[in-house]
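Visitor: quick one: sequence plus predicted model below, questions after.
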Amino acid sequence: MTDFGAGSRVFTSDERTISAIAKNVGIPKKRARFLFRLANYLNCKNILELGTSLGIGTSALAVNTKSAVTSIEGCPQTADVARNQLKKFGLSNVKLKVGEFEEILSKFIVFSNKTTNNKQQTQYDLIYFDGHHTKEATLKYFKLLLPAAHNNSVFIFDDIHWSPGMEAAWEEIKTHPEVRVSIDTFFLGLVFFRQEQAKQHFTIRL
């Protein structure tokens, strides 16, 4: 394993079996179904995922073949497993990129609200944050990707109650002036940017 994130509470070694990763840190079926249903309901066409892992969440987002999914994974070995699984299930609408998030993002996203060299700002209908589970990294990527959101976008943050730092990051994200609606499902946090809506915060259990 090559881990650029907050590390693991389960594993003490950088050598891990695929089954152990799937069991201990892979997204559960219930949450994977939720990702699929949400992306399908919101008719998300352009999706970005930070943290591919084994590709379980990626597959859930990509099952709707009308969508185009870009997924970034820091660990080359894990990315190889995910790539094989995506190929096995015929999910050809996923672009899997390997490397550190910021480095990869800088190559294909224009971080500006203005046109740069005739290139329009890349925008996403859904961005799933599932890597670097620290307060600093979560806030950094949230702010970095804000220009990639449009009025109907949704940002989904994984493990918002994983640590005091993640909880602090979630509270700061909720109060950001561009965020209009937040939904805390305990494991996942969703934020919406529809400026016509009043500021509201909801807590539900999936």
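Guide: In hand now; what should we look at?

Visitor: mind listing what's buried in stretch 35-48?
Guide: For stretch 35-48, burial by neighbour count (16 or more other Cβ atoms under 10 Å) applies to 35, 36, 38, 39, 44, 46, 47, 48. Where C-beta positions appear, they are placed from N, C-alpha and C, glycine not excepted.

Visitor: help me confirm that the second one is found in a strand?
Guide: What it means is residue 36. No - the assignment for residue 36 (DSSP: H, G, I helix; E, B strand; the rest coil) gives helix, which keeps it out of a strand.

Visitor: tell me the centre residue of this protein?
Guide: Per Cα atoms, centre = their mean, the C-alpha nearest to the average position across the chain is that of residue 128, at 1.9 Å.

Visitor: using the three-state scheme, assign it.
Guide: When the structure is split into helix, strand and coil by three-state DSSP, residue 128 lands in strand.

Visitor: what does the pLDDT read for it?
Guide: Note on residue 128: pLDDT of 97.

Visitor: isn't it up against residue 36?
Guide: No - look at residue 128 against residue 36 with Cβ atoms under 8 Å: they stay out of range, at 11.7 Å.

Visitor: residues in contact with residue 126?
Guide: The contact partners of residue 126, taken as Cβ atoms under 8 Å, 6 or more residues apart in numbering, are 38, 39, 42, 44, 46, 47, 48, 61, 153, 154, 155, 156.
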